[in-house]
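Engineer: One predicted model, sequence on top.
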Amino acid sequence: MSYLSVTDILVSNEKVPCKFLHDLPKLGFLDPSCTDDDLKAGTSVEIPIWLAESLSSRRPPLVTVDLPKVYKETYREIFSADACTVDMHKLAQYFYELGCYVAKYDIKGEVATTLVNTFRQRFKMILSASVATDSINALQPLSECERDHTVAAMTTEKALSSWLKRGESLLTTATMVANHRKRKRAEMEML
Amino acid sequence: MFGEKVIELLKESERNRETLSPFNDEMIRQIIEEMHILFKLNMNDANATSENKSLWTTVQVRHSALERNKRCLLAYLYDRINKIKTLRWEFGSVLPPDIRELLSDSEYDWFSKYSTNLATFMRSLGQDIGYSGIDLTENLRPPKSLYIEVLCITDYGKLELEDGDVVMLKKNSRHFLPTSECQTLIRQGILKQIT
Amino acid sequence: MDPYEIEFIGENRIASIIPNFSYDKIYLICGEFGPFRAGLPMNVPLWLAVMLKQKQKCRIVPPDWMEIDNLENIKEEEKRSRFFTKMPHEHYMVEAKLILGAASEDIPNASEIKTIIKDIWDIRMSKLRTSMDALMKSGGSYGRLDHLTMMEINSVKPLLPSAMNELLKIQMTSKKSTSATLNSSTFSQSGTSQNM
Amino acid sequence: MDTEDLELSDEEEEITADVVLKTIQNLWQNERLSPEILPHRNDMVECMLGQIQHMERNINKLPKTDLRASIHKMELNRIKYIICNYLKTRLDKIEKYCITIVNDEKQRTESGTNYLTPSEFRYAQEYLLSIEHHLKETILNRVPGNMQAFEINKMAIVPALQSHVFLKANETVNGIVLEDHFGDQDEEIDLEEGSQHILQYKFIADLVKNGKVQLV
């Protein structure tokens, strides 16, 4: 994943449970329930995955990373029973992306298998949402990246059906120009 | 938690993928200041590790936070660069004042450099065989007809056509023009194609 | 690519017209056409056929395949077959849309023909969705798609390739990182201290 | 109004304008659909630009309302669209992957197998410099001393050669190996002439470059 990717930065801001293996003087604030200045070895805290990754990859590691609950066995069973019933948006909007980060902390590789199977199963939801008449409801249970795929597919679908219907494509105002004009108009109306 | 401020900036940008927000100078300044504070704390604590070994761990946490802040700031700037590039292709080399205001001074310098570099490149196209260059901001859609009917959205003034004719583009006036000569004005929102 | 770009590519096909004017041969970059003899059929690129039709300079001769019995057979075959059947040509839909759009009065039974072609298209599109789902379930890394036309292939972009990319990415990062933790030696403490 | 037969160079055979046009159309289509930048074919582009120029001069001799003039103009607009879109597609890739492309191109120039035209290469280098300057001025020069490096390897965006693409085989190619990333099992397939497939670009990148397959 690219260093400059905004999406990856947002994904890696998601928190995961970690246990600190050493004392952390002056960093008590990392644990909202901690009143001391220092954080004691053995404390479990939820920290963003970017920090957890960086600390667990030090030699020796400074933290051990635990799986967030959606990647644990209870949920893995739900996904393998029927992944399509899950409202992924509520449960874990970056399910696959975060899953790719945490899969390495699952030595048995079961998280990896769950991710792959879940994506495969839920692909039909993307397919049907992309042609749904009630697109708002169809989009609702999808995770962030599933939504991106669906929105892209809807755009294709729309372009195709308007091509089938219309004779000629009209030349139009460029997107940014149009959006900025819209925004300006909205600002003017507010004044 | 570290680096939260810059995340807000990035979220905002992700929400508005097709508009540019004003450059957030103040936020950038605050984040850089936060980095200097973290850095100073680390310098002090790194020097004190001989007495308190566990300070070393703290130093490493802060170091990760510094790296993270740097990455976020660069990503914010790079994301804007891509949008500013689009401005060049859509508005042209002269930005309307209200758009110009959204850019920082350094960004405006970058815009000008980009624009110059692009112009140099476009001028070089076909030079070996006696062309005076090709404008790549034109011919963006597959051509359908030689002439189209357009409605003028704003008072623009005179437009001189290749054959020497001059048309007056006034608000709400309608014209029948060669597609190749009015496509840029359509993209800039000055004209609108009507069926 | 958007549908208009595929249409643009399809417009290079040769179509048959009957001009109502006479002219010498015309030498275009894409080839020479003519001479134009009023009342005599001749071949030109589809884009030129449509352009002349719009200027009322010709009639368009419907291509052989655009004929009701023929189309009914294609439709039946498409319904029966589990796979995609071979269409009259790569740009059948573009040709149909342009000719029926610009010159429906030149085509006998234009509206029935339009309906059958749309039916064939719809059958193929729904088959396409089913095959996409099957492809993702069966592995999602390779597929063979004979007889799909360019416009049809374009209709599954970016969804199919990007879902396949996503699947691959999930497989690679989740599995790769599993093996990475087992034998990893990332940066050392001394390396970090130099950075500080 | 006549199209001339074109000579690319002394050793090469004469090649007609319609062949050049078809070649450019295929180049354009491949460039649009491949994740990486493909070797430039400035010879073809310049050849076509020469044709356009020649044709434009002739059109100007015709009366403005002449039907033939409109037909020629329409054809020229179609060709200009392809050329502009082809060049712009390349420019977009050059910008997006500029760090990777500039690095690769330096090596390719040494071995004489460059992908970019001289002016594309100049453009890529200028573009990269301007980005570096801007990031330094706004951020890097203002952050703490040990954070100021412009880490070019980290910043590089690499074209995703593993992306899936659609292709049609122009001729039969046997024995394409679809490597399995997890070492489980490699698969081998044949591309028969006229058959269509969706697979990872990296397995057939060479076939795109030597014209044995066409991206669709």
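Structural biologist: Perfect, I can see it now.
Engineer: neighbouring strands for whichever strand or helix holds residue B:159, and are they parallel or not?
Structural biologist: Per DSSP states H and E, residue B:159 falls inside strand B:157-160. Note on strand B:157-160: by DSSP bridges, its sheet partners are strand B:166-169 (antiparallel).
Engineer: Checking residue 161 next. Helix, strand or coil?
Structural biologist: Picking chain A for this. Secondary structure, DSSP: H, G, I helix; E, B strand; the rest coil: residue A:161 is helix.
Engineer: Chain D, not that one
Structural biologist: Taking three-state DSSP as the rule, one finds residue D:161 in the coil state.
Engineer: what's the neighbour count on it?
Structural biologist: By other CB atoms under 10 Å in any protein chain shown, 13 other residues sit near residue D:161. Any C-beta I mention is one placed from the backbone N, CA and C, and that applies to glycine too.
Engineer: got a list of what it touches?
Structural biologist: D:35-36, D:200-202, D:205 (CB atoms under 8 Å, 6 or more residues apart in numbering or on different chains).
Engineer: ditto for residue B:99
Structural biologist: A:180, B:20, B:87, B:91.
Engineer: if I look at it, how far off is residue A:74?
Structural biologist: 52 Å (CB to CB, to the nearest Å).
Engineer: Can you give the distance of the strand holding residue B:159 from its chain's centre?
Structural biologist: Strand B:157-160 sits 28 Å away from the centroid of its parent chain (CA atoms, centre = their mean, to the nearest Å).
Engineer: Tell me the residues on chain A that lie near chain C, please.
Structural biologist: A:57-59, A:96, A:99-101, A:103-107, A:109, A:111-112, A:115-116, A:119-121, A:123-124, A:126-127, A:130-131, A:145, A:149, A:152-153, A:156-157, A:159-160, A:163-164, A:167, A:169 (CB under 8 Å from any CB of the partner chain).
Engineer: right, and the helix or strand after the helix or strand containing residue A:9?
Structural biologist: In the assignment (DSSP H and E), residue A:9 maps to helix A:6-11. Next helix or strand after helix A:6-11 toward the C-terminus (DSSP H and E): strand A:15-20.
Engineer: State the mean pLDDT of that next one.
Structural biologist: Strand A:15-20 carries an average pLDDT of 96.
Engineer: Likewise for stretch B:64-76?
Structural biologist: pLDDT averaged over stretch B:64-76 gives 95.
Engineer: That one: which residues count as buried?
Structural biologist: Neighbour-count burial for stretch B:64-76 flags B:64-66, B:68-76 (criterion: 16 or more other CB atoms under 10 Å in any protein chain shown).
Engineer: Check which residues of the lengthiest helix in chain C are buried.
Structural biologist: If you go by DSSP state H, chain C has its longest helix at helix C:110-138. Within helix C:110-138, the residues scored as buried using 16+ other CB under 10 Å are C:110, C:113-114, C:116-117, C:119-121, C:123-124, C:127-129, C:131-132, C:135-136.
Engineer: Now do the helices in the chain.
Structural biologist: As the question left the chain open, I've gone with chain A. Using DSSP H, helices in chain A cover A:6-11, A:49-56, A:73-82, A:88-91, A:95-102, A:110-130, A:135-139, A:144-165, A:175-190.
Engineer: Correction: the question concerned chain D.
Structural biologist: D:17-33, D:42-61, D:67-96, D:98-111, D:118-138, D:152-155, D:201-209.
Engineer: Rebuild those helices as CSV, extending it with mean pLDDT.
Structural biologist: As requested, the helices of chain D are exported to CSV (pLDDT from 0 to 100):
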stretch, mean pLDDT
helix D:17-33, 97
helix D:42-61, 94
helix D:67-96, 97
helix D:98-111, 95
helix D:118-138, 98
helix D:152-155, 95
helix D:201-209, 97
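Engineer: Could you check the pLDDT of the residue nearest the centre of chain A?
Structural biologist: Centroid-nearest residue in chain A: residue A:94, 1.7 Å away (criterion: CA atoms, centre = their mean). Per-residue confidence (pLDDT) for residue A:94: 96.
Engineer: Surely it and residue A:11 touch.
Structural biologist: Yes - at 4.8 Å, residue A:94 counts as touching residue A:11 under the criterion of CB atoms under 8 Å.
Engineer: wait, isn't residue C:164 in contact with residue D:166?
Structural biologist: No - Residue C:164 sits out of contact with residue D:166 when judged by CB under 8 Å, with a separation of 11.0 Å.
Engineer: ok, the two, which is more surrounded?
Structural biologist: residue C:164 (25 against 22).
Engineer: mind checking which helix or strand that one is in?
Structural biologist: Judged by DSSP H and E, residue C:164 forms part of helix C:159-182.
Engineer: pull the CA atoms of that helix into CSV?
Structural biologist: This file holds the C-alpha atoms of helix C:159-182, laid out as CSV (Å, rounded to 0.1, in the frame of the first residue of the first chain):
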residue,chain,number,x,y,z
LEU,C,159,-16.2,-4.1,-11.0
LEU,C,160,-14.9,-7.5,-12.1
PRO,C,161,-11.2,-6.7,-12.5
SER,C,162,-11.1,-4.5,-9.3
ALA,C,163,-12.9,-7.2,-7.2
MET,C,164,-10.4,-9.7,-8.5
ASN,C,165,-7.6,-7.3,-7.6
GLU,C,166,-9.1,-6.8,-4.2
LEU,C,167,-9.3,-10.5,-3.6
LEU,C,168,-5.7,-11.0,-4.6
LYS,C,169,-4.6,-8.2,-2.4
ILE,C,170,-6.4,-9.7,0.6
GLN,C,171,-4.8,-13.1,-0.2
MET,C,172,-1.4,-11.7,-0.6
THR,C,173,-1.2,-9.3,2.4
SER,C,174,-3.0,-11.6,4.8
LYS,C,175,-1.0,-14.7,3.9
LYS,C,176,2.3,-12.9,3.3
SER,C,177,2.2,-11.2,6.6
THR,C,178,1.5,-14.5,8.4
SER,C,179,4.8,-15.9,7.1
ALA,C,180,6.6,-12.6,7.7
THR,C,181,6.0,-12.6,11.5
LEU,C,182,7.4,-16.1,11.8
